[in-house]
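this one's sequence-less:
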């Protein structure tokens, strides 16, 4: 049967389809926005998104969003909005699973290009 | 301390703040979109959103999205996009807790005005 945009998405099944860290996978596109799944571990580079706000929801594990003046520690079922223009980095001591909601086409490293961390745009799963 | 747009949001704490069904509560606003929490029980009226896609993520309980030609049954950790222009209704036999991502200012009943179900726009929690 053809896939429909309104097919059910099971997050656990989708997370099980990949293992790499810091490589966002798009599971839904709507209203010019994307819902992405990300596995994270370690420290991401400091960066800014000049125009786009980002919303993170922790699905599994412990996750940190670090700003220059404070650190926000998030557990499963906790969320944060990172407003555009605010320098930040994301971190996790152990692997964590994150949902991200942001405009389509956002580069994960924002204003920075990093050989290890900058991910392809538009990868779906 | 003043609330910051990047303060942590705990979904369980937010869901505990209200009891009424079918009354979306905005917990975050970003990029012209809103993240809403909804408690649902029973059957919502059939309706269409002419322009806006909606994304539902089930947080707790069992939830159904009914289209005219099929029913999609969703458990916690399952999601669905309801594309604009597609008639649908949402249902839950027992109370369920839902996250909704959609553009700011969407009327919950879309093209329908229903004395019991049409909710005020812009209620934050």
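Thanks, I have the structure now. Keep in mind the model is a prediction, meaning the values are calculated, not measured. Residues are numbered from 1 along each chain as shown, chains lettered A, B, ... in the order given.

which residues does residue A:36 bridge with?
Per DSSP bridges, the residues bridged to residue A:36 are residue A:26, residue A:100.

check contacts around it.
The contact partners of residue A:36, by Cβ atoms under 8 Å, 6 or more residues apart in numbering or on different chains, come to A:24, A:25, A:26, A:27, A:99, A:100, A:101, A:102. Glycine gets a C-beta too; all of them are placed from N, C-alpha and C.

can we see that at 10 Å?
Neighbouring residues of residue A:36 by Cβ atoms under 10 Å, 6 or more residues apart in numbering or on different chains: A:23-29, A:54, A:56, A:98-102, A:106, A:108, A:119, A:123-125.

so, low pLDDT: which residues of chain A?
Within chain A, the set of residues satisfying pLDDT under 70 comprises A:1-2.

before we move on, back to that, hmm, which of the contacts of residue A:36 are the buried ones?
Buried residues within these, counting neighbours by 16 or more other Cβ atoms under 10 Å in any protein chain shown: A:23-29, A:54, A:56, A:98-102, A:106, A:108, A:119.

show me the helices in chain A, by range?
A:11-15 (DSSP state H).

center of it, which residue is that?
residue A:100 (4.1 Å; Cα atoms, centre = their mean).

that one and residue B:20: what is the separation?
Relative to residue B:20, residue A:100 is positioned 30 Å away (criterion: Cβ to Cβ, to the nearest Å).

cool, and residue A:89?
According to Cβ to Cβ, residue A:89 and residue B:20 sit 39 Å apart.

which ones are touching the residue nearest to the centre of chain A?
The contact partners of residue A:100, taken as Cβ under 10 Å, 6+ apart, are A:24-26, A:34-38, A:54-57, A:82, A:90, A:106, A:108.

just the closest of the residues you listed to residue B:65, please.
Among those, residue A:35 lies closest to residue B:65 (Cβ to Cβ), at 16.0 Å.

got the contact list for the closest residue to that closest one other than its chain neighbours?
Taking Cβ to Cβ, 6 or more residues apart in numbering or on different chains, and ignoring the residues beside it in sequence, residue A:35 has residue A:28 as its nearest neighbour in space, at 4.2 Å. Remark: with contacts taken as Cβ under 10 Å, 6+ apart, residue A:28 is in contact with A:5-7, A:9, A:34-36, A:101, A:124, B:53, B:55, B:57, B:79-81, B:101.

among those residues, which are located in strands?
Counted as lying in strands by DSSP state E, out of the contacts of residue A:28, are A:9, A:34, A:35, A:36, A:101, B:55, B:57, B:79, B:80, B:81, B:101.

just the buried residues of those residues.
A:9, A:34, A:35, A:36, A:101, B:55, B:57, B:79, B:80, B:81, B:101.

thought the fifth one was touching residue A:38?
Going back to what we said before, that points to residue A:101. No - using Cβ atoms under 10 Å as the test, residue A:101 is too far from residue A:38 to be in contact (11.4 Å).

overlap in contacts, these two.
Contact with both residue A:101 and residue A:38 is made by residues residue A:56, according to Cβ under 10 Å, 6+ apart.

measure residue A:7 to residue B:38 for me?
Remark: distance between residue A:7 and residue B:38 (Cβ to Cβ) = 21 Å.

just want to know which of these two has more residues nearby.
Neighbours per residue (other Cβ atoms under 10 Å in any protein chain shown) separate residue A:7 from residue B:38, with residue B:38 holding more: 24 against 13.

quick one: the more buried one and residue B:14 touch, right?
No - with contact taken as Cβ under 10 Å, residue B:38 and residue B:14 are classed as non-touching, separated by 11.3 Å.

now do the shared contacts for the two.
Residues within reach of residue B:38 and of residue B:14 at once, by Cβ under 10 Å, 6+ apart, are B:25, B:97.
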